[in-house]
Structures are given as structure tokens and as C-alpha cells.
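S.K.: with the sequence up front, the predicted model follows.
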Amino acid sequence: MTRQILVTSALPYANGHIHIGHLVEYLQTDIWVRFQKLAGNRCVYVCADDTHGTAIMIRARQEGRSELEVIAEMRESHLKDFTGFGIEFDNYGSTHSDENRALCAEIWQSLRQADLIVERNVERFYDPVEETFLADRFVKGTCPKCGAEDQYGDNCEKCGSTYDATEVINPISTLSGATPVRRESLQLFVELEKLHGWLNEWTQTGGHLQEEIANYLQGHFLNDPLRDWDVSRPARYFGFEIPDSPGNYWYVWFDAPIGYIASTHQWCKANGEKLEDWWKSDQTEVHHFIGKDITYFHTLFWPAMLKTAGFNLPKKVHIHGFLRVNGEKMSKSKGTFVMASTYLKHLDPAYLRYYYASKLSSRVV
């Protein structure tokens with residue numbers, strides 16, 4: 001029987017170029033999609049640029065350009081690199097699209113109606129040099145759980161713990177290098193704990209996740225009450241303003257995964273298809289390919305959003321590890337960081353495609 005399969009890769013951020021570490025995921029996904037099509041299955045592969053957030057806003061200001069100019073340039077660069085490595089998307093969209101804005105509003109309204117949204121004033125880090133509140137990923141410091149240095153403000157890559165940015169020891173702003181200060185702002189949260197029982201069942205049964213990922217979630221998050229998920233940012237912020245909360249914007253981790261659905265919607269409109277047949281039908285399998293650093297978002301927050309709004313849940317979230325050089329992450333300072341465009345100037349992309357295909361497996365390695 002022919003299967004109908006929708007496939008996504010994590011959305012590349014529009015503030016940086018593609019490097020060969022990123023390509024682990026896109027080549028893995030492209031190879032998997034090609035196999036499904038050769039097997040006779042109906043398989044559609046969508047992706048998009050992740051375009052919102054503080055970093056884009058700051059870069060545009062520093063370069064004297066608009067955010068739209070910055071993301072347009074990066075989209076062209078990303079597509080050139082992907083094409084150079086033979087990666088074929090059925091649609092490559094953008095989170096800064098009319099389709100995404102409308103879908104964000106639809107899913108947000110579902111969360112409101114389900115009584116999952118709460119508002120309260122909280123302390124967050126503020127960059128006194130760039131004069132902006134800092135997204136968690138723009139705070140770095142020492143992990144408050146295991147003491148590992150040079151970790152991001154939302155999770156530790158060494159021990160896997162998550163925490164508030166304000167818990168980081170010796171924090172610095174990655175935007176300016178300044179020491180951030182605490183300031184109070186109104187934030188909107190999703191009360192994820194209300195879906196704890198359902199999330200426990202979904203992650204631990206049905207084969208949606210690799211065994212080691214299911215065990216990791218059980219051991220690190222699901223044994224305790226789930227933290228409320230902070231889904232807003234105050235102005236100034238480049239993104240979509242929340243319709244029923246003027247002056248607040250959806251945090252990038254709210255609108256980015258919704259970009260999967262928006263990109264599918266664009267493909268549907270171009271091909272005479274119905275979005276409901278791909279995201280609200282038990283005839284469609286949804287498969288996400290992501291790196292292990294964004295496991296938390298794709299296995300807890302994202303399923304909660306989809307469940308509440310009545311969209312298809314992923315049949316499988318395929319999670320891979322990082323590309324390492326001599327056992328360590330790629331590093332510009334150590335000379336082990338290679339851009340996709342640099343590789344294409346010197347070597348045949350087929351070599352890297354084959355190498356990744358030969359090394360990747362169903363395990364998180």
C-alpha cells in the first residue's frame with residue numbers, strides 16, 4: 001500500500017550560513033526522502049528559513065539594512081548551498097510569511113480556548129549595550145546544574161539540563177559581550193503541566209521516538225512537574241505581534257515549528273492540494289528530522305501545540321547527534337569549522353553525501 005508521508009528538517013536560522021555540521025541533517029533527510037520516493041510512496045519534503053528573533057534585528061541594525069533585506073539574502077545563500085549538495089525540497093518557505101502568521105494565530109487561539117495561557121511579570125536578562133531583552137540562546141555562561149562552561153541560557157549541551165537564563169552562572173550577552181542585567185517584563189506562558197499525562201503517554205509509547213530519547217525525557221523532565229513554557233517577547237523584537245497582547249511578540253520557538261505547516265500550506269496552494277489532507281488526516285505520516293540539541297522543543301512543546309490545535313502529531317521524530325572533529329564540536333578558533341560553500345569550492349559533494357550516509361543510523365550518535 002502506498003504511504004503518504006510529509007517530511008521536515010529543522011529550519012536553518014537566517015542569521016548564519018550553512019556549514020557541514022548542519023548538512024548532517026539535511027543530507028540524512030534528503031537520502032531518506034529519496035528512498036521513500038523510489039519505494040513508490042508519496043513523499044513531500046518541506047523546510048523553511050527560521051527568520052525571527054533578536055539576532056536578526058540586531059544584525060540588520062548594525063548593517064544599516066532592514067530585517068527583510070537580511071533574511072532575503074540569507075535565503076538565497078541557504079538555497080544555493082542546499083542545491084550544491086543535491087538537497088531537493090518540495091517547498092522551501094519562510095517563517096516570515098502570511099501563511100505562518102495566520103497559522104500562529106489559529107494555534108494560539110486554540111491554546112487560549114484550552115485555558116493553557118497564563119500571563120505574569122518575570123525578571124529576564126536585558127543587554128544594556130544593545131538595549132534589548134535577550135532570548136535565552138543569546139546568553140552564555142556556566143551551567144547551573146553540572147558546572148560546564150560556555151553553555152547557552154536555555155539548556156546545557158553537556159548534561160542535557162534545561163533552566164532559566166537567569167540561573168546561568170557568570171552570564172554574558174553573545175550580542176555585545178556585556179554582562180546582562182535583570183529587568184522585569186510581562187510574559188505569556190503555556191501551562192505545559194496540564195498536558196503532562198498525555199505527553200508522558202505519547203513519548204513513552206507508540207514508537208514515536210528512539211528508545212534513548214524516550215528514556216532521556218522520562219529521566220530528565222517527565223518525572224517532575226513540567227515548567228511553564230515562555231512563549232512571548234516584549235518589544236523591540238523582530239517577529240509577529242500577538243494579536244490579543246499588543247506590545248508582545250511570539251517567541252521564535254513558538255512560530256518556528258509552525259513554519260513546517262506554513263511551508264506545507266504553500267506547497268498545497270501551488271499544487272492544488274488541501275492542507276487538511278496533510279496535517280489533519282490519519283492517512284498522512286509526519287516525520288521530523290532534528291538534531292538532539294532541540295529535542296526538548298520537538299518532543300514536548302511541539303506535540304502539545306499540535307494536540308491542542310487538532311493537527312497531526314508526528315509519527316516519528318528522527319533525532320541525530322552532532323558532527324564532531326577529533327571528538328569535539330567544530331570550532332573556528334581550532335580551524336575545524338568548514339562552511340558548505342567552502343567545501344563546494346574544493347570537493348565533490350557526493351563524497352560528503354556518501355560519508356554521512358555510511359555513518360548515520362537510527363541511533364542518536
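M.R.: Structure's in. What do you need? Since we're looking at a predicted model, the values are computed, not measured.

S.K.: quick check: Gly86 touching Ile31?
M.R.: No: applying Cβ atoms under 8 Å, one finds Gly86 not in contact with Ile31, separated by 9.8 Å. C-beta coordinates here come from the backbone N, C-alpha and C atoms, glycine included.

S.K.: tally of neighbours for Gln204?
M.R.: 14 (other Cβ atoms under 10 Å).

S.K.: returning to that earlier point: which neighbours do Gly86 and Ile31 share?
M.R.: Here Gly86 and Ile31 have Arg353 as joint contacts, going by Cβ atoms under 8 Å, 6 or more residues apart in numbering.

S.K.: then the helix or strand harbouring Ser358 to CSV, C-alphas only?
M.R.: Element membership of Ser358 [criterion: DSSP states H and E] is helix 349-359. Taking Å, rounded to 0.1, in the frame of the first residue of the first chain, the C-alpha atoms of helix 349-359 are listed here in CSV:
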residue,chain,number,x,y,z
PRO,A,349,29.5,16.9,-2.7
ALA,A,350,28.9,13.2,-3.4
TYR,A,351,31.9,12.4,-1.2
LEU,A,352,30.2,14.0,1.9
ARG,A,353,26.8,12.6,1.0
TYR,A,354,28.3,9.1,0.9
TYR,A,355,30.3,9.6,4.1
TYR,A,356,27.2,10.7,6.1
ALA,A,357,25.1,8.0,4.6
SER,A,358,27.6,5.4,5.7
LYS,A,359,27.9,6.7,9.2
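
S.K.: check which residues of it are buried.
M.R.: Neighbour-count burial for helix 349-359, counted by 16 or more other Cβ atoms under 10 Å, picks out Pro349, Leu352, Arg353, Tyr356.

S.K.: Leu116: which of these is nearest?
M.R.: Here the nearest of those to Leu116, counting by Cβ to Cβ, is Tyr356; it sits at 39.1 Å.

S.K.: how about that closest one, what does it touch?
M.R.: So Tyr356 contacts Leu23, Val24, Leu27, Gln28, Ile31 (Cβ under 8 Å, 6+ apart).

S.K.: quick one: the last one is in a helix?
M.R.: By that I understand Ile31. Yes: according to DSSP: H, G, I helix; E, B strand; the rest coil, Ile31 belongs to a helix.

S.K.: ok, now how distant is it from Ile87?
M.R.: 10 Å (Cβ to Cβ, to the nearest Å).

S.K.: in terms of neighbours, single out the busier of these two.
M.R.: Ile87 (23 against 16).

S.K.: the more buried one is in contact with Asp30, isn't it?
M.R.: Yes: Ile87 lies in contact with Asp30 (Cβ under 8 Å); the separation is 4.6 Å.

S.K.: where does the chain have low pLDDT?
M.R.: For the chain, the stretches with pLDDT under 70 are 331-333.

S.K.: please go through it and pick out the longest helix.
M.R.: helix 252-271 (DSSP state H).

S.K.: in the following helix or strand past that one, what's buried?
M.R.: Per DSSP H and E, the first helix or strand lying C-terminal to helix 252-271 is helix 276-279. For helix 276-279, burial by neighbour count (16+ other Cβ under 10 Å) applies to Trp278, Trp279.
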